[in-house]
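Trainee: Following is a predicted model, sequence given first.
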There are 2 protein chains.
Amino acid sequence: MPTITSVEVEDVRFPTSRTADGSDAMNKDGDYSAAYVVLRTDGTAADGTPLAGHGLTFTIGRGTDVVALAARHQAETLVGRDVEELAADMGRTYRDLTSDSQMRWLGPEKGVVHLSLAAVLNATWDLAARRADKPLWRLLTDMTPEQLVDVADLRYLSDVLTRDDALAILRAQEPTKAERVARLERTGYPVYTTSAGWLGYDDAKLRRLCQEAVDAGYGHIKLKVGASLSDDVRRLAIARDVIGPDRKLMIDANQVWDVPQAIEWVGELARFDPLWIEEPTSPDDVLGHAAVRSAVAPVGVATGEHCHNRVMFKQFFQAGAIDYCQLDTGRLASINEIVSVLLLAAKFGVPVCPHAGGVGLCEMVQHVSVLDYVAVAGDLTGRVTEYVDHLHEHFTDPCVVADTGDGAGYVLPSLPGYSTRMREESVARFRFPDGAAWSAA
Amino acid sequence: MPTITSVEVEDVRFPTSRTADGSDAMNKDGDYSAAYVVLRTDGTAADGTPLAGHGLTFTIGRGTDVVALAARHQAETLVGRDVEELAADMGRTYRDLTSDSQMRWLGPEKGVVHLSLAAVLNATWDLAARRADKPLWRLLTDMTPEQLVDVADLRYLSDVLTRDDALAILRAQEPTKAERVARLERTGYPVYTTSAGWLGYDDAKLRRLCQEAVDAGYGHIKLKVGASLSDDVRRLAIARDVIGPDRKLMIDANQVWDVPQAIEWVGELARFDPLWIEEPTSPDDVLGHAAVRSAVAPVGVATGEHCHNRVMFKQFFQAGAIDYCQLDTGRLASINEIVSVLLLAAKFGVPVCPHAGGVGLCEMVQHVSVLDYVAVAGDLTGRVTEYVDHLHEHFTDPCVVADTGDGAGYVLPSLPGYSTRMREESVARFRFPDGAAWSAA
């Protein structure tokens, strides 16, 4: 019976601000970072290596130590826990980790303590999947509807989604899950790229990267907007020129506008036929998004990477405020809360197009999108998951995007776990502030 | 020209869980705590003592170190700043402290980094008031409408409150401010007490404390509910029996219910004629509160102590979701964000009844309520500010509640500052984990 023997929490930062990778109108100089959690055990994985769980949340530099400190408090409560018991009842594992009312006060269910909780819970899910010797998407899609609902946190949702509602959604997909797995194994899960359009890139680099994306089979490309209207018009014209009228173009303002300004600005950019405007205003402003959505249609409204919990997503759906749900695997409290949001989205018929990029988010969202298609939504219509081609080399099981003839897609992960294990040499090199990448800077 | 020379951030915890003070249905064993910030300067206050600024945010035990770490990062950016310049443009001081996009990512504007920001900004306001040799309420009510609007953070609010709207609200109150100051100097600002009704108190203690509250001139008493319906019925019957039919009784569920359960439970308690049900469900659930409100009327709905920023309050007002706005001086980003919420509340005609209790919240809210009455709302109708009789002895200028014949009220503070300075011996004794109160435990 393996037991969790120790936890390690690392503050890992990559100096991405030096190249403007990841730059947008709100975040001009982020250093892509992670609070990274490892749960060590005295057990052995199926391949003979030591059994451990790895999880992270994505941050952008300063303050990662604050998240790491919170994660350490939360993760330390797991030391001594039996791995079989923990993995057998992941709903209870979640409730144990969220039951500390003193830590809860610091959110509740938002901000640093929720980010850190995501990192810790992601590590427990990686551990559970490694123990089962399955990729996480397989562990989850092998569950019965009852097992999956037992994992989900349905608290505060019963006015729109009861346990029975949730079971009905999952039971409807149950008989045909294998067909959808087979399809994804053939085609991959559809992706779009944000790599071309960071705000800090010049026009020549933008044009070149758009062309490379087209050549690689991408049918969707996203650009950052919101700092200067004239720059946005020029950049969108370049992008549309390269990708042609049929491929989809998305735009992302990263929260820089008030509601009236969002409506006016998107009105000016509508002639480039964007599929969606992402984060037009404060991520907390459900009613503001609803107002933007009704004003800018047929341009869609997307948000979610800063949507902090299932209660906020519930309201985005209730208010008819968004066309696309961009949940984030480092911001929601791991699979337990993600399953709830997938269920809510299915109930309201809103496609889930997860946020990715950053550090390790692509590695995680591929599992979530497969779960959504196979067991919850059962549909790919309107779905496309974000992909950014940065920092994958720091993971032992990096995500792979390939064009199998159906457009670019995430190739289904085949190794056990949540794809969240970082290379030890990367952790050592980029650990802040003592890793060589920082101490030599 | 005094300069900020250093910052100190302390993790101070009081072992209140040992007596069940502060116990409620969600938080059974809180240790009332504070992340406490001191900004040291090389200047001298009007009374000849060293000039410093003191600020805090309220927490309930574990994780206070996480908030303190975040506050340290934020406060350290103030070292070297000229105090005159800082105090002369508190809008800029706020923008400087909120402009770090890397730290912003960890909220944004919520959770630990917003709590810590509140502590740091509260210290800057205490410093500004001490430098001006005025209690903070006086510094603020002496400002012109333009000065007060320049302090406020109106970002993300312009769909319902423009700068011109804000100026119009303040200008309407400007000519009669002195009359209202004179009135409050006579009567104090009306208060209610929560000290009687903590969930961990037995029936005999509840009855005795209710009687003592009546004897002390309180016209409003609040009880915690939500753990057991039969207990709630019995306790409310006791309270109503002691206070009689005319005094107001409020109930507080501290977020334990889902929306349908809240509606049902409050329906059962309606016969005790509660003035409001506080925190019936998740503090993030604007639409849920609106549903509860329309179902339980004429019982009012109150929330705010966990409402994390002005964008959330904007929506509570837009959706007609609350009858009482219970903003919190340790959770909003100090006066800069509080002024915005007071303006929004005035625009929508919702009375502000600030949350208090905890550690130091009573000391702060008295300044805010005076500001609201004198300069913003200009009205006391439906207003009553919370008071809890715990932990005031740890402050150098503790709040004072007295019955001047008009019922119990906060006596207007007369000493310079925000009343946020803790006694040095208290900080030393209750500092976690090395203070004597903890190391001896």
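Mentor: That came through fine.
Trainee: What's the nearest residue in the stretch 251-400 of chain A when you look at chain B?
Mentor: At 3.9 Å from chain B, A:Val259 is the closest residue in the stretch 251-400 of chain A, using Cβ to the nearest Cβ. Glycine gets a C-beta too; all of them are placed from N, C-alpha and C.
Trainee: The longest helix seen in chain A: what's the following helix or strand?
Mentor: Longest helix in chain A, counting residues (DSSP state H): helix A:112-131. Once helix A:112-131 ends, the next helix or strand along the chain (criterion: DSSP states H and E) is helix A:136-141.
Trainee: could you point out which element follows that following helix?
Mentor: helix A:145-151.
Trainee: Okay, strands next: where are they in the stretch 301-441 of chain A?
Mentor: A:324-325, A:385-387, A:401-403, A:408-410 (DSSP state E, counting those that start in this stretch).
Trainee: The stretch 1-150 of chain A now?
Mentor: Using DSSP E, counting those that start in this stretch, strands in the stretch 1-150 of chain A cover A:4-13, A:33-44, A:50-59.
Trainee: try the stretch 151-300 of chain A
Mentor: Under DSSP E, counting those that start in this stretch, the stretch 151-300 of chain A gives strands at A:189-197, A:220-224, A:248-252, A:274-278, A:300-303.
Trainee: how about the ones you listed in a markdown table, adding distance to chain B?
Mentor: Listed next are these as a markdown table, based on distance: least, Cβ to the nearest Cβ, whole Å:
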| stretch | distance to chain B |
| --- | --- |
| strand A:189-197 | 17 |
| strand A:220-224 | 14 |
| strand A:248-252 | 15 |
| strand A:274-278 | 15 |
| strand A:300-303 | 13 |
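Trainee: Could you dump those into TSV and include mean pLDDT and mean neighbour count?
Mentor: Formatted as TSV, the strands of the stretch 151-300 of chain A follow (pLDDT from 0 to 100; neighbours: other Cβ atoms under 10 Å in any protein chain shown):
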stretch	mean pLDDT	mean neighbour count
strand A:189-197	85	25
strand A:220-224	92	25
strand A:248-252	96	23
strand A:274-278	98	26
strand A:300-303	98	25
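Trainee: low pLDDT regions in chain A?
Mentor: Under the criterion pLDDT under 70, the flagged ranges of chain A are A:441.
Trainee: Isn't A:Cys399 up against A:His367?
Mentor: No - between A:Cys399 and A:His367 there is no contact under Cβ atoms under 8 Å: 9.6 Å.
Trainee: the more surrounded of these two?
Mentor: Comparing A:Cys399 with A:His367 by other Cβ atoms under 10 Å in any protein chain shown, the one with more neighbours is A:His367, at 31 against 22.
Trainee: Check the spacing between A:Arg183 and A:Asp406 real quick.
Mentor: Distance of A:Arg183 to A:Asp406, computed by Cβ to Cβ, to the nearest Å: 10 Å.
Trainee: For chain B, what is the nearest residue in chain A?
Mentor: For chain A, Cβ to the nearest Cβ, closest residue to chain B: A:Gly111, 1.2 Å.
Trainee: Leaving out the residues flanking it, which one is nearest to that residue?
Mentor: B:Gly111 (1.2 Å; Cβ to Cβ, 6 or more residues apart in numbering or on different chains).
Trainee: Pull the contacting residues for that neighbour.
Mentor: A:106-107, A:110-114, A:308, B:308 (Cβ atoms under 8 Å, 6 or more residues apart in numbering or on different chains).
Trainee: what about 6 Å?
Mentor: A:107, A:110-112 (Cβ atoms under 6 Å, 6 or more residues apart in numbering or on different chains).
Trainee: One more: A:Val66?
Mentor: By Cβ under 6 Å, 6+ apart, the neighbours of A:Val66 are A:112, B:69-70.
Trainee: The residue nearest to it when sequence neighbours are not counted: neighbour count?
Mentor: If the residues on either side of it in the chain are set aside, A:Val66 comes closest to B:Ala70, at 4.7 Å by Cβ to Cβ, 6+ apart. Using other Cβ under 10 Å, B:Ala70 has 34 neighbouring residues.
Trainee: Could you double-check that B:Ala70 lies in contact with B:Leu117?
Mentor: No - contact between B:Ala70 and B:Leu117 fails when scored by Cβ atoms under 6 Å: they sit 8.0 Å apart.
Trainee: what sits up against stretch A:179-196?
Mentor: By Cβ under 6 Å, 6+ apart, the residues outside stretch A:179-196 that reach it are A:209-210, A:213, A:218, A:220-222, A:357, A:369-370, A:373-374, A:384-385, A:387-389, A:401, A:404, A:406, A:408-412.
Trainee: Let's see that with 7 Å instead.
Mentor: A:141, A:206, A:209-210, A:213, A:218, A:220-222, A:250, A:357, A:366, A:369-370, A:373-374, A:378, A:380, A:383-389, A:401-402, A:404, A:406-412 (Cβ atoms under 7 Å, 6 or more residues apart in numbering or on different chains).
Trainee: Drop anything exposed from the residues you listed.
Mentor: A:141, A:206, A:209-210, A:213, A:218, A:220-222, A:250, A:357, A:366, A:369-370, A:373-374, A:378, A:380, A:383-389, A:401, A:407-412 (16 or more other Cβ atoms under 10 Å in any protein chain shown).
Trainee: Quick check: residues of the stretch 301-441 of chain A near chain B?
Mentor: Residues of the stretch 301-441 of chain A lying near chain B by Cβ under 7 Å from any Cβ of the partner chain: A:306, A:308-309, A:311-312, A:315, A:318-319.
Trainee: hmm, try it at 10 Å
Mentor: Applying Cβ under 10 Å from any Cβ of the partner chain, we find that the stretch 301-441 of chain A lies next to chain B at A:306, A:308-312, A:314-315, A:318-319, A:358.
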